[in-house]
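Peer 1: Below are the sequence and a predicted model for it; my questions follow.
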Amino acid sequence: MLAKCSVFIATSLDGFIARNDGAIDWLMKANTLVPPNEDGGYKEFMSTVDGLVMGRHSFEKVLSFESWPYDDLPIIVMSSQPIEIPSHLKNNVSASSETPVDLVKRLTKQGFKHLYIDGGITIQNFIADNLINELTITIAPVLLGSGRSLFGPLAHDIELDPIETKCIGGGFTQLKYRLNSIAETRTLKKKNKNKVYLAYDEIIDWFDSHRNKKLDMEKFYLDLLQNHIPPEGKVLDVGCGTGEPIAQFLIKKGYKVTGIDASKKMIHLCKKRFPNGKWLLADMRTLNLQDKYHAVIAWHSFFHLPHDDQRMVLKSLSSLVEQNGLLLFTSGPEYGEVWGDNGGHDLYHASLSAEEYTQILLDCHFKVLIHKVRDPECGEATVWVAQKKE
């Protein structure tokens, strides 16, 4: 049996764990409302854990505190990039680039029994891998309106088993849930990471019904695209899915859209729904297109490729962009790999580091206009917009 993994975290009433810049001043202020000697069970919880796993951003935030809050508790910082560990913490803090599953397996073998999981992205990744057993959320009496969400977009509903709900004073409410029953009963079909598109043929009905088609997340970037390319310009939508909402929007605006997808059923739907578009059944890794485009979009598709394929495909897509044209794509927030549930299938996702994406774009004569990490207005997606220059 793997080590137990628990979350113990505070959020605003609207579900944010920090401001967009990572600040938690609002939480410090709200904490002044809590009655003296009331910690919401934090000390008791900490007495049960024998290790803490956090993300790089959380680690950097804790380092900014006046004093180190974890004494000699072993800390593992998940990061694909090298991190600087102060000399006085090197006996207790280590870094890991392992997947959540591999990390928990290793720590279990080393004798860890109960791990405290902290940090938004880290928590999301552990939930995606069915590793979280218990979740304790303390809700502060404050609305932020925007910020870094505790939870990101989900491929399906997750039902929680309630353990306890209590008011701890000062307007704070604490909710405790158990997730282990779900982790034990859910069975995902893990797909070959080189052929993720095969899963989309199987989950097309689920995908079509769950895909947000309101364009509320993509609209800002599509408006920016329209400001940079000519009317009736040519747009290549790579991994177009069912054509909704991105290709649909661009076709209505008069752009000449070519959509490609490796899923036969996705392309079939595109042809049926949008006969004015040009739809090609193709793998983005083996494209052989003669045209150039005023804009190339790879929205939530490019990140299904393994690292080496991403390096190759990014260069290939760059070559298809006209001078002064735009390349728009989404990636992960940092280097890594993760499997995530989509309609009951465990699909592969990967990301290069921001530094490597930037260097490839520069080598291909692009200027990065926007690199928005975990855009809160865009479902926490990390979005890139680059323009081709001489």
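Peer 2: Here it is on my side, so go on. Quick caveat: nothing in here was measured; it's all calculated off a predicted structure.

Peer 1: who touches the helix or strand where residue 116 lies?
Peer 2: For residue 116, the host element (DSSP states H and E) is strand 114-118. Residues outside strand 114-118 that contact it (Cβ atoms under 8 Å, 6 or more residues apart in numbering): 3-9, 45-46, 48-55, 58, 104, 107, 123, 126, 131-132. Just so you know, the C-beta spots here come from the backbone N, C-alpha and C atoms, and that holds for glycine as well.

Peer 1: Mind pulling up the pLDDT for residue 178?
Peer 2: Per-residue pLDDT puts residue 178 at 86.

Peer 1: Over to it: give its phi and psi.
Peer 2: phi -110, psi 130 (degrees, to the nearest 10).

Peer 1: how close does it sit to residue 6?
Peer 2: 10 Å (Cβ to Cβ, to the nearest Å).

Peer 1: between the two, which one's more packed in?
Peer 2: Taking other Cβ atoms under 10 Å, residue 178 and residue 6 do not tie; residue 6 has more neighbours (20 against 15).

Peer 1: check contacts around the more buried one.
Peer 2: Neighbours of residue 6 in contact, by Cβ under 8 Å, 6+ apart: 45, 49, 114-117, 132-136.

Peer 1: swap the cut-off to 7 Å and go again
Peer 2: 114, 116-117, 133-134 (Cβ atoms under 7 Å, 6 or more residues apart in numbering).

Peer 1: By pLDDT, give me the weakest of the residues you listed.
Peer 2: When the contacts of residue 6 are compared, residue 133 shows the smallest pLDDT, 89.

Peer 1: Select the helix or strand of the protein having the lowest average pLDDT value.
Peer 2: Within the chain, confidence by mean pLDDT, DSSP states H and E is lowest for helix 180-185 among all helices and strands, at a mean of 40.

Peer 1: ok, back up a step: between the contacts of residue 6, which sits nearest residue 372?
Peer 2: residue 117 (25.7 Å; Cβ to Cβ).

Peer 1: CA atoms only for stretch 52-66, dumped as PDB, please.
Peer 2: The C-alpha trace of stretch 52-66 is given here as PDB (Å, rounded to 0.1, in the frame of the first residue of the first chain):
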ATOM      1  CA  LEU A  52       5.900  17.200   2.800                       C
ATOM      2  CA  VAL A  53       5.800  17.300  -1.000                       C
ATOM      3  CA  MET A  54       5.400  20.800  -2.500                       C
ATOM      4  CA  GLY A  55       6.000  22.500  -5.800                       C
ATOM      5  CA  ARG A  56       8.800  24.900  -6.700                       C
ATOM      6  CA  HIS A  57       6.600  28.000  -6.400                       C
ATOM      7  CA  SER A  58       5.400  27.000  -3.000                       C
ATOM      8  CA  PHE A  59       8.900  26.400  -1.800                       C
ATOM      9  CA  GLU A  60      10.100  29.800  -3.000                       C
ATOM     10  CA  LYS A  61       7.100  31.400  -1.200                       C
ATOM     11  CA  VAL A  62       7.900  29.600   2.100                       C
ATOM     12  CA  LEU A  63      11.600  30.700   1.800                       C
ATOM     13  CA  SER A  64      10.300  34.300   1.900                       C
ATOM     14  CA  PHE A  65       8.800  33.800   5.300                       C
ATOM     15  CA  GLU A  66      10.600  35.300   8.300                       C
END
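
Peer 1: The chain: helices as residue ranges?
Peer 2: 25-31, 42-46, 56-63, 100-109, 120-128, 180-185, 197-202, 204-210, 219-228, 246-252, 264-273, 307-318, 354-363 (DSSP state H).

Peer 1: quick check: angle from the fourth one to strand 114-118?
Peer 2: Angle between the axes of helix 100-109 and strand 114-118 is 150 degrees (criterion: axes from the mean of the first three to the mean of the last three Cα atoms, to 10 degrees).

Peer 1: Just the residues contacting helix 100-109, thanks.
Peer 2: Under Cβ under 7 Å, 6+ apart, the answer for helix 100-109 is 2-3, 5, 51, 53, 76, 96, 98, 115, 125-126, 129, 131.

Peer 1: can you pick the most crowded of those?
Peer 2: When the contacts of helix 100-109 are compared by neighbour count (other Cβ under 10 Å), residue 5 ends up highest, at 29 neighbours.

Peer 1: wait, what's in contact with that one?
Peer 2: So residue 5 contacts 104, 115, 117, 126, 131-133 (Cβ under 7 Å, 6+ apart).

Peer 1: just flag whichever of the helices of the chain has the lowest average confidence.
Peer 2: Among those, helix 180-185 scores lowest, with a mean of 40.

Peer 1: which ones among the contacts of strand 114-118 are found in strands?
Peer 2: Counting by DSSP state E, these place 4-9, 51-55 in strands.

Peer 1: Appreciated, that's everything.
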